[in-house]
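# Coordinates for the following, if possible.
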Amino acid sequence: MSATKKLMGHVYAIFTILVWGSCFVLTKELLTAYTAVQIIPLRMGLAYLTLWVLRPKTMKLPWKDELMFILIGITGGSFYFFLQNTALTYTYAANVSIIVALSPILTVILAQLFSRSGERLGKFVYIGAVIAIAGVVLVVLNGQLTFHLNPLGDLIALAAALMWAVYSILIKKYTERYDNFLVTRRVMLWAFLTAVPLMLLTDGMPDLTPLFTTPRILLSWLFLGVFGNAVCFAIWNIAFQRLGVVITNNYLYASPFVTLVVGYLLLDEQITLMSVIGAVLITAGVIVALKKPKDA
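Below is the predicted model of the structure:
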């Protein structure tokens, strides 16, 4: 693979993290009109329609691949967001952010255990992960030196992190086999179809009126569905293909800091010296993790 393609893989990953880090702030806006569970099919449905516009082609799959896409749609879509949002109802947001940031570590473990391609990892991946996680903790705590354990909520958050790690491993093979936008569209379809029963069993059908009467709600929904899901999931999959799931997922460590900055710009939330130090550690950790072994 050419150096240019690898460079663009990094660009895609950075762009995605900038968007995903902003999604938390805009999700707060949607939560004023909808429940956390209702937001999931609203985002997935819009993402699916967007990807049809971007790539208006049909995609025929063998039944075995279709079954795998159902699993991928669950692990990276409906259940991932369901578990993450549910964890927030039982434990602190700081706990959830830190625990979900363990996804790259879990991805490393799963990649070594189950990936046939066997992404070769050097010691720098592990060293960088430890540095980045330390940075994530500082950014998320943001000056508050308290971390409260809640077994149920924390375990649910850990399950969400595991879901993302499984998704990362499963999706890579199909990004190499099919068009990435078509792959993402299929994932969004099954994420939507599996999220709807969760919504109906918990909070019921959402009232769509706020989407078309409140500009802030509409803009937040469009950003989350079009960019947060449709575009960024597609180009994140391209980054998987070009960089590997482990290297790409290392960029997830930067997401809490992006959220912090966007929250400061849009919500006037405080940025402390601790969070700045955390940002430096996150950056350093990712740089270390991306360092190639000498014998590579």
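
# Buried residues in the host helix or strand of residue 64, which are they?
Counting by DSSP states H and E, the element that carries residue 64 is helix 63-73. Judged by neighbour count using 16 or more other Cβ atoms under 10 Å, the buried positions of helix 63-73 are 65, 68, 69, 70, 72, 73. C-betas here are computed from N, CA, C, even on glycine.

# Please render those as a markdown table that adds pLDDT and distance to residue 235 to the earlier fields.
Putting these into a markdown table (pLDDT from 0 to 100; distance: Cβ to Cβ, whole Å) gives the following:
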| residue | pLDDT | distance to residue 235 |
| --- | --- | --- |
| 65 | 92 | 22 |
| 68 | 93 | 21 |
| 69 | 94 | 19 |
| 70 | 94 | 23 |
| 72 | 93 | 17 |
| 73 | 93 | 18 |
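
# can you list these in a markdown table and add distance to residue 181?
Shown next, in a markdown table, are those (distance: Cβ to Cβ, whole Å):
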| residue | distance to residue 181 |
| --- | --- |
| 65 | 16 |
| 68 | 18 |
| 69 | 14 |
| 70 | 19 |
| 72 | 15 |
| 73 | 15 |
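
# and the helix holding residue 64, what does it pack onto?
helix 151-175, helix 180-202 (3 or more Cβ pairs under 8 Å, 6 or more residues apart in numbering; DSSP states H and E).

# Averaged pLDDT, the shortest one. What do you get?
What it means is helix 180-202. Helix 180-202 carries an average pLDDT of 91.

# quick check: mean pLDDT across the very next helix or strand once past it?
Using DSSP H and E, the next helix or strand after helix 180-202 towards the C-terminus is helix 209-213. Averaging pLDDT along helix 209-213 yields 91.

# count of neighbours near the closest residue to residue 152 other than its chain neighbours?
Computed as Cβ to Cβ, 6 or more residues apart in numbering, the closest residue to residue 152 that is not its neighbour in sequence is residue 90, at 5.1 Å. The tally of other residues near residue 90 (other Cβ atoms under 10 Å) stands at 16.

# Please compute how far stretch 238-252 lies from its chain's middle.
12 Å (Cα atoms, centre = their mean, to the nearest Å).

# Would you mind measuring the gap between the ends of that stretch?
15 Å (Cα to Cα, to the nearest Å).

# what mean pLDDT does it have?
pLDDT averaged over stretch 238-252 gives 82.

# outside of that stretch, which residues touch it?
Stretch 238-252 has contacts (Cβ atoms under 8 Å, 6 or more residues apart in numbering) with 1, 5-6, 8-10, 12-14, 16-17, 101, 103-104, 107-108, 111, 115, 119, 121, 125, 128-129, 132, 165, 168-169, 171-172, 175-176, 180, 236, 285-286, 289-290.

# at 7 Å what do you get?
In this structure, residues lying in contact with stretch 238-252 by Cβ atoms under 7 Å, 6 or more residues apart in numbering are 1, 5-6, 9-10, 12-14, 17, 101, 103-104, 107-108, 111, 119, 121, 125, 128, 132, 168-169, 171-172, 175-176, 180, 286, 289-290.

# again, but for stretch 99-112
Under Cβ under 7 Å, 6+ apart, the answer for stretch 99-112 is 84, 119, 121, 125, 129, 133, 136, 154, 157-158, 160-162, 164-166, 168-169, 245-246, 249-250, 252-253, 256.

# how about a cut-off of 6 Å?
119, 129, 136, 157-158, 160-162, 164-165, 168-169, 245-246, 249-250, 252 (Cβ atoms under 6 Å, 6 or more residues apart in numbering).

# Quickly note the distance from the closest residue to residue 32 other than its chain neighbours to residue 251.
The shortest distance from residue 32 to any non-neighbouring residue, by Cβ to Cβ, 6+ apart, is to residue 217 (7.5 Å). Distance of residue 217 to residue 251, computed by Cβ to Cβ, to the nearest Å: 29 Å.

# With neighbour numbers in mind, choose between those two.
residue 251 (26 against 19).

# Let me know the helix or strand that the residue nearest to residue 176 when sequence neighbours are not counted is in.
Using Cβ to Cβ, 6+ apart and skipping residues adjacent in sequence, the residue nearest residue 176 is residue 241, 5.8 Å away. Element membership of residue 241, judged by DSSP H and E, is helix 232-243.

# after that helix comes which helix or strand?
Following helix 232-243 in sequence, per DSSP H and E, is helix 245-249.

# hey, C-alpha coordinates of that following helix in PDB?
C-alpha atoms of helix 245-249 as PDB (Å, rounded to 0.1, in the frame of the first residue of the first chain):
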ATOM      1  CA  VAL A 245      -8.000  -2.100  13.600                       C
ATOM      2  CA  VAL A 246      -5.500  -1.700  16.400                       C
ATOM      3  CA  ILE A 247      -3.700   1.400  15.100                       C
ATOM      4  CA  THR A 248      -7.000   3.000  14.000                       C
ATOM      5  CA  ASN A 249      -8.700   2.400  17.400                       C
END
